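Engineer: Quick one, what's the 3D model for this:
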Amino acid sequence: MPQWSYNPPGSGSSKPKKTKKEAMQDLEDAVTSLTPDKFTSQIIEKTDDYLYAEYTSPTFGFIDDVEFLLRDEASSEVEYRSASRIGESDGDANRKRIKALRKFLEPRGWKSIAAFE
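Structural biologist: Alright, predicted model coming up:
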C-alpha cells in the first residue's frame with residue numbers, strides 16, 4: 001500500500017502547507033471519528049510523529065493494531081500499517097479501515113502518494 005502525504009505536490013501554492021502537528025491532529029480526528037465495520041478505536045500512544053491505536057471488533061473483542069509514522073516535515077510522508085493480532089483472515093477489515101481513514105483525510109488535503117506518481 002502506498003504511503004500518504006498530507007502536503008501532496010500540486011495541492012495549491014495559495015494554501016499554506018500543513019504542519020506535522022496539524023497532520024497528527026487530522027490523524028487523531030480520523031481514528032477517533034470512524035468506526036469501520038463497527039470496530040471501536042482507542043489511541044494507545046501518540047507522539048509528535050507517531051500514533052498507535054487499537055481497534056476492537058464488536059462481536060468477539062478481537063484487537064487490531066494500527067500505526068502511523070509521520071516522516072520529516074519536508075517530505076510530508078506518512079507510513080502506516082493495520083494488522084490483525086490473531087487469525088488467518090480478517091474479512092478485509094484492515095483494508096476497509098485504511099480506505100475509510102484515507103477517505104476521511106482526503107477532504108483535508110491528504111492523498112495517496114501513488115495517486116500523483
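
Engineer: what does stretch 70-85 rub up against?
Structural biologist: 1, 3-8, 17-20, 23-24, 27, 48-50, 55, 62-69, 90, 93-94, 97-98, 110, 113 (Cβ atoms under 8 Å, 6 or more residues apart in numbering). Every C-beta, even on glycine, is put in place using the N, C-alpha and C of the backbone.

Engineer: ranges for the helices of the protein?
Structural biologist: Read by DSSP state H, the chain holds these helices, from start to end of the chain: 20-33, 93-105.

Engineer: Could you identify which of these has the lowest mean pLDDT?
Structural biologist: Lowest mean pLDDT within the helices of the chain: helix 93-105, a mean of 92.

Engineer: packing partners for that helix?
Structural biologist: Helix 93-105 is packed against helix 20-33, strand 63-70, strand 77-84, with contacts defined by 3 or more Cβ pairs under 8 Å, 6 or more residues apart in numbering; DSSP states H and E.

Engineer: May I see the buried residues of the last one?
Structural biologist: In this case it means strand 77-84. Residues of strand 77-84 classed as buried: 77, 78, 80, 82, 84 (neighbour count, 16 or more other Cβ atoms under 10 Å).
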